[in-house]
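**Student:** structure of the sequence below:
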Amino acid sequence: MALGDSVASYFGFDDHGTDYSTELLAGLTTFLTMSYIIVVNPLVLSAAITSEKLGVAEGMHIPLLAVTTILSAVAAMLVMAFYANRPFGLASGMGLNAFFVTVVLSEPLGITWQTALAAVFLEGVLFILLTAVGAREYVINLFPEPVKAGVGPGIGLFLAIIGLQFMRITATDVNDILSFNPILAQDPVAVVSILGILLTFVLYARGTRGSIVLGIGATAVLGYAAAALGFEAATNEPTPFNTLADVVLAPGVSEITYGASAFDITPLVGAFLDGFGDVTGITFAMVLFTFFFVDFFDTAGTLVGLSRAAGMTDEDGEVPDIDEPLMADAVGTTVGGILGTSTVTTFIESSTGIEEGGRTGFTTLVVAGLFLLTLPFIPLLSALPSYAPYVAFLIVAVFMLRNVTDIDWSDNAHAIPGALTIALMPLTHSIATGIAAGLLSYPLVKTAQGEFDDVQVGQWVLAAAVVAYYVVRTNTLA
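**Tutor:** Predicted coordinates:
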């Protein structure tokens with residue numbers, strides 16, 4: 001049997017009605033829609049993991065974080081491809097990386113970046129163990145449908161707010177993060193960002209593959225042009241997220257450094273071990289639980305949604321052998337903690353590859369290969385204006401908001417938990433808070449409607465766990 005036939009047989013091309021050309025196109029499409037994470041994740045994490053903290057030359061923390069982002073994603077996708085045989089791409093998750101930065105920089109919750117990595121690593125190990133014994137699959141089946149459907153839109157709105165702030169379209173007033181930039185027309189960063197957003201939406205609406213990557217590139221080019229013409233930021237006033245992501249607001253090209261130093265991730269690898277030495281009891285427990293809590297729910301919702309899109313659910317709407325893709329997520333998170341990046345999770349953008357016909361792990365293998373091929377270009381990341389990648393947030397927000405149609409708005413037991421899940425994520429800047437609101441309200445509303453018998457015992461247990469968590473957390477932080 002020829003090698004090509006062996007590979008096709010291994011991945012079950014015939015069983016899934018697919019072929020090489022379809023899987024290759026699907027893999028390329030998924031890569032183009034999620035490759036922004038290679039740029040965005042290092043920029044988000046750069047607030048918590050700086051060049052100074054790593055002991056490297058100024059600006060070199062960005063390419064190093066990009067390398068760890070790529071390698072952890074590839075490790076997870078190899079498991080997804082060969083073990084789970086699903087067409088789902090994985091990488092460090094948006095929202096989860098924002099939480100990583102938040103716990104490092106915020107007071108009084110602030111911990112060292114090494115300790116945050118220790119929490120990521122331990123979370124991954126726990127997920128491996130729970131997945132191996134089938135516990136994650138059991139709990140996922142307890143999740144109320146409106147909460148599953150609300151997670152994506154909630155995170156989408158959260159990302160939109162963050163993106164608008166980074167691009168200086170909003171949030172010039174520290175006391176009003178949703179305020180409109182009153183000098184927007186005078187601020188070239190905001191103007192360039194708006195043009196980049198509009199162009200990206202046009203490309204996206206036309207069905208242009210790689211519209212997000214093209215939009216980021218076009219925004220960067222516009223930024224370079226503005227800098228060349230002598231335009232500068234109209235104000236140096238801090239935005240609320242300067243403390244979260246140390247954003248350079250004026251467009252420009254920093255020095256590009258090629259060579260081994262751009263790929264030497266020694267300062268990051270194994271740093272989580274030092275983090276265990278700084279563990280401080282209840283604070284670390286809360287950080288670990290929140291990482292665990294958010295990643296658990298986010299991954300579950302994404303896997304269910306993607307499996308539905310790919311026709312991989314059974315007659316009850318459940319995902320057969322969901323423990324296999326969950327293991328890929330767990331391995332990726334563990335490897336990420338070791339290498340020095342935030343939690344790895346399944347990407348909803350994988351649905352674009354599914355729409356192109358991707359049905360097997362070969363699609364994911366293609367995505368992993370393309371991630372590896374970006375490594376030689378890592379030093380170029382230092383040339384990107386720091387606001388340019390955030391045009392991707394608006395596109396991803398629109399994509400994730402589509403899940404609102406999965407909520408039965410005519411049923412209060414769906415509408416109330418779903419709406420709370422969606423609304424509280426951006427309004428509180430907390431993914432966990434939105435999910436917690438949905439989990440707590442669902443059994444209460446179902447009971448109020450006289451449907452107590454429809455609520456599973458495990459759902460009451462989840463609601464109780466939410467209450468216990470927030471009582472402990474708010475009393476501790478008071």
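
**Student:** tell me the first helix or strand C-terminal of the least confident helix or strand in the chain by mean pLDDT.
**Tutor:** Every helix and strand of the chain was ranked by mean pLDDT, DSSP states H and E. The lowest is helix 242-245, at a mean of 30. Where DSSP states H and E defines the elements, the next helix or strand beyond helix 242-245 is helix 271-275.

**Student:** off-centre distance for that next one?
**Tutor:** Centre-to-centre, helix 271-275 and its host chain are 23 Å apart (Cα atoms, centre = their mean, to the nearest Å).

**Student:** by contact count, what packs against it?
**Tutor:** helix 113-132 (3 or more Cβ pairs under 8 Å, 6 or more residues apart in numbering; DSSP states H and E). Bear in mind the C-beta positions are built from the backbone N, C-alpha and C, glycine included.

**Student:** after the helix it packs on comes which helix or strand?
**Tutor:** Next element after helix 113-132 (DSSP H and E): helix 135-140.

**Student:** report all helices and strands that that following helix contacts.
**Tutor:** Helices and strands touching helix 135-140, as assessed by 3+ Cβ pairs under 8 Å, 6+ apart, comprise helix 113-132, helix 281-309, helix 323-339, helix 457-477.

**Student:** same question for that helix, mean pLDDT?
**Tutor:** Here helix 135-140 scores 78 as its mean pLDDT.

**Student:** need the contact partners of that helix.
**Tutor:** Outside of helix 135-140, the residues within contact range by Cβ atoms under 8 Å, 6 or more residues apart in numbering are 127, 130-131, 296, 300, 304, 322-323, 326, 458, 462.

**Student:** got the buried residues for that helix?
**Tutor:** Residues of helix 135-140 classed as buried under the neighbour-count rule (16 or more other Cβ atoms under 10 Å) are 136-137, 139-140.

**Student:** before we move on, what about stretch 447-465?
**Tutor:** Neighbour-count burial for stretch 447-465 [16+ other Cβ under 10 Å]: 455, 459, 462-463.

**Student:** the closest residue to residue 375 other than its chain neighbours: how many residues sit nearby?
**Tutor:** The shortest distance from residue 375 to any non-neighbouring residue, by Cβ to Cβ, 6 or more residues apart in numbering, is to residue 70 (6.1 Å). If you count neighbours by other Cβ atoms under 10 Å, residue 70 ends up with 25.

**Student:** host element of residue 70?
**Tutor:** Take DSSP H and E as the rule and residue 70 turns out to sit in helix 61-79.

**Student:** what packs against that helix?
**Tutor:** For helix 61-79, the packing partners by 3+ Cβ pairs under 8 Å, 6+ apart are helix 36-45, helix 51-54, strand 90-92, helix 323-339, strand 344-346, helix 361-373.

**Student:** just those: most buried one?
**Tutor:** Scoring these by mean neighbour count under mean count of other Cβ atoms under 10 Å gives strand 90-92 as the most buried, with a mean of 32.

**Student:** tell me what angle the very next helix or strand once past it forms with helix 323-339.
**Tutor:** Counting by DSSP H and E, the next helix or strand C-terminal to strand 90-92 is helix 96-105. On the basis of axes from the mean of the first three to the mean of the last three Cα atoms, to 10 degrees, helix 96-105 is oriented at 40 degrees to helix 323-339.

**Student:** and helix 96-105, how far out from the chain middle?
**Tutor:** 12 Å.

**Student:** could you do stretch 297-311 as well?
**Tutor:** On Cα atoms, centre = their mean, the centre of stretch 297-311 falls 14 Å from that of its chain.

**Student:** any chance you could list what contacts that stretch?
**Tutor:** 86-88, 93, 95-96, 136, 140, 143, 147-149, 151-152, 155, 313, 317, 319, 322, 325-326, 329, 345-348, 350-351, 354-355, 358-359, 403, 406, 431, 435.

**Student:** in which helix or strand would I find the closest residue to residue 163 other than its chain neighbours?
**Tutor:** The shortest distance from residue 163 to any non-neighbouring residue, by Cβ to Cβ, 6+ apart, is to residue 393 (2.9 Å). Assigned by DSSP H and E, residue 393 belongs to helix 391-401.

**Student:** elements contacting that helix?
**Tutor:** Partner elements for helix 391-401 (3+ Cβ pairs under 8 Å, 6+ apart): helix 36-45, helix 145-166, helix 188-205, helix 211-228.

**Student:** looking at those helices, which is closest to residue 269?
**Tutor:** Distance to residue 269, taken as Cβ to Cβ, is lowest for helix 36-45 among the helices and strands packed on helix 391-401, at 14.9 Å.

**Student:** and the closest one with helix 61-79, angle?
**Tutor:** Using the same axes, to 10 degrees: helix 36-45 against helix 61-79 is 130 degrees.

**Student:** tell me the contacts of the closest residue to residue 49 other than its chain neighbours?
**Tutor:** Distances taken as Cβ to Cβ, 6+ apart place residue 113 nearest to residue 49, at 5.0 Å, with adjacent residues excluded. Contacts for residue 113 were tallied using Cβ under 8 Å, 6+ apart; they are 48-49, 53, 104, 271, 275.

**Student:** pull the most distant pair out of the contacts of helix 135-140.
**Tutor:** 323 and 462 (19.3 Å).

**Student:** which residues of the stretch 351-478 of the chain score low on pLDDT?
**Tutor:** 379-384, 386, 389, 396, 431-432, 473-478 (pLDDT under 70).

**Student:** do that again at 80, thanks
**Tutor:** 352, 355, 378-393, 395-397, 399-400, 402-403, 429-433, 435, 469-470, 472-478 (pLDDT under 80).

**Student:** can you tell me the average pLDDT over stretch 318-337?
**Tutor:** 91.

**Student:** mind checking how far that stretch is from the chain centre?
**Tutor:** For stretch 318-337, the distance to the chain centre is 15 Å (Cα atoms, centre = their mean).

**Student:** the buried residues of stretch 447-465: which two are farthest apart?
**Tutor:** 455 and 462 (10.6 Å).

**Student:** follow-up on the earlier one: can you lay out the buried residues of helix 135-140 as CSV showing distance to residue 100?
**Tutor:** As requested, the buried residues of helix 135-140 are exported to CSV (distance: Cβ to Cβ, whole Å):
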residue, distance to residue 100
136, 21
137, 26
139, 23
140, 23
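
**Student:** ok, residue 320 touching residue 312?
**Tutor:** Yes. Between residue 320 and residue 312 a contact is recorded at 7.4 Å, counting by Cβ atoms under 8 Å.

**Student:** of the two, who's got more company?
**Tutor:** residue 312 (21 against 10).

**Student:** sec struct for that one, please.
**Tutor:** coil (DSSP: H, G, I helix; E, B strand; the rest coil).

**Student:** now it: closest residue in space, sequence neighbours ignored.
**Tutor:** residue 319 (6.5 Å).

**Student:** got phi/psi on the one you found?
**Tutor:** phi -100, psi 110 (degrees, to the nearest 10).

**Student:** what would the helices and strands packed on helix 391-401 look like in CSV with distance to residue 414 and mean pLDDT?
**Tutor:** Shown next, in CSV, are these (distance: least, Cβ to Cβ, whole Å; pLDDT from 0 to 100):
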stretch, distance to residue 414, mean pLDDT
helix 36-45, 31, 82
helix 145-166, 4, 78
helix 188-205, 29, 87
helix 211-228, 31, 81
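
**Student:** before I go, just wanted to say thanks for your time.
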